[in-house]
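Kindly return the folded structure for what I paste below:
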Amino acid sequence: MSLVDRRLKTFPVLLLVLMLLLLMIASTAAFAVDGTSFGAKLPGDTEPDTRRAAYWCRYYCNNYAGYNIYETNETTTQFIWEWARDYDAIEFLAQHANAGLITAVEDYNDDGVWNKTYLYAGKGGEQNTSGKYYLSTYTSTDVDDVLLWIFSGCLTANTSDTYGNLQTMAVNKGVDCVITYSSFLSFPTTNVDRYGNLFWREFWYYAARMGYSVYDSHNTALYNLYQWEGSYCGFDSRVLYNSGISIVPARYGS
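Now for the predicted structure:
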């Protein structure tokens with residue numbers, strides 16, 4: 001066999017190997033899924049008081065689970081409306097909250113006035129109001145690709161007589177897995193890994209890096225939190241929906 005014949009014979013094999021490599025690269029890239037993480041702020045703070053919780057969400061989801069997680073505390077009131085409808089795989093709101101509502105963005109505006117934007121479960125008969133957005137007005141395709149939505153705020157599992165229930169509304173709009181809380185949660189007022197920040201550090205480690213189910217990740221984080229703090233800090237009041245799923249591999253909701 002001549003040198004030319006040997007080269008011609010090996011060409012299809014090389015071509016096949018190249019095609020397989022391209023498929024592997026494409027498959028890996030396909031697992032990069034956009035997601036959003038919000039950090040809350042308290043009046044007078046220059047940084048979100050829950051920024052460590054948001055940081056750990058971004059760190060573990062980006063580096064281990066294949067998501068693209070972003071953290072922000074923009075003041076624009078339109079922001080939450082646009083981003084929450086952006087078909088993100090993970091929505092993480094670590095905010096001040098109450099039954100039927102949660103703070104979405106909290107910051108000083110350009111005039112130095114404290115500005116808040118709220119996300120409500122439903123309208124409660126009122127018209128659209130500046131600084132208020134309503135999960136009930138999302139269409140069936142706005143958030144149905146969300147795999148996991150966490151409302152990490154006080155009393156978010158409870159039902160408001162006026163605005164309804166955040167978890168129920170999110171599930172009705174097609175979100176696969178939802179986490180809410182029926183009691184008050186503890187977060188530190190400084191940028192340290194204690195209380196709520198510590199809890200979410202543990203949760204994201206097990207959910208995004210270790211691939212545990214949402215249920216097992218939450219329980220393990222609770223156990224570790226109690227060992228270190230001597231308290232569950234309110235996170236044992238969780239109300240979970242469809243928590244048997246895992247967020248690994250990275251993907252959109254069904």
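
Verify the stated contact: residue 146 with residue 171.
No: counting by CB atoms under 8 Å, residue 171 is not a contact partner of residue 146; they are 10.6 Å apart. For glycine as for every other residue, the C-beta is placed from the backbone atoms N, C-alpha and C.

State the distance from residue 61 to residue 239.
Per CB to CB, to the nearest Å, residue 61 is found 23 Å from residue 239.

Those two: which is more packed in?
Neighbours per residue, other CB atoms under 10 Å: of residue 61 and residue 239, the larger number sits with residue 61, 26 against 16.

Give the helix, strand or coil label for that one.
helix (DSSP: H, G, I helix; E, B strand; the rest coil).

neighbour count winner among residue 146 and residue 171?
residue 146 (26 against 16).

Can you tell me, leaving aside adjacent residues, what's nearest to the more buried one?
Distances taken as CB to CB, 6 or more residues apart in numbering put residue 175 closest to residue 146, at 4.6 Å, once the chain neighbours are dropped.

Next up, identify which helix or strand that neighbour is on.
Counting by DSSP states H and E, no helix or strand carries residue 175.

and what of residue 180?
Judged by DSSP H and E, residue 180 forms part of strand 177-181.

what packs against that strand?
strand 148-152, helix 166-172, helix 214-229, strand 238-241 (3 or more CB pairs under 8 Å, 6 or more residues apart in numbering; DSSP states H and E).

Show me where the stretch 151-254 of the chain dips below the pLDDT cut-off.
The stretch 151-254 of the chain contains no residues with pLDDT under 70.

So what's the residue count around residue 191?
14.

just residue 230 next, same as before
Using other CB under 10 Å: residue 230 sits among 8 other residues.

What's the end-to-end length of stretch 155-174?
By CA to CA, to the nearest Å, the extent of stretch 155-174 from end to end equals 22 Å.

residues in contact with that stretch?
97-102, 119-125, 135-136, 138, 140, 142-146, 149, 151, 178, 180-184, 237-239, 241, 253 (CB atoms under 8 Å, 6 or more residues apart in numbering).

and the closest residue to residue 98 other than its chain neighbours, how many neighbours?
Distances taken as CB to CB, 6+ apart put residue 155 closest to residue 98, at 5.3 Å, once the chain neighbours are dropped. The number of residues packed near residue 155 is 23, by other CB under 10 Å.

likewise residue 126?
As a burial measure, residue 126 scores 12 neighbours (other CB under 10 Å).

so where do the helices sit in this structure?
For the chain, the helices defined by DSSP state H occupy 3-30, 51-60, 78-84, 166-172, 195-204, 214-229.

Which strands or helices does the second one pack on?
Counting contacts by 3+ CB pairs under 8 Å, 6+ apart, the secondary-structure elements packed against helix 51-60 are strand 33-39, strand 67-72, strand 90-94, helix 195-204.

Could I get the buried residue list for the shortest one?
With burial defined by 16 or more other CB atoms under 10 Å, the residues of strand 90-94 counted as buried are 90, 91, 92, 93, 94.
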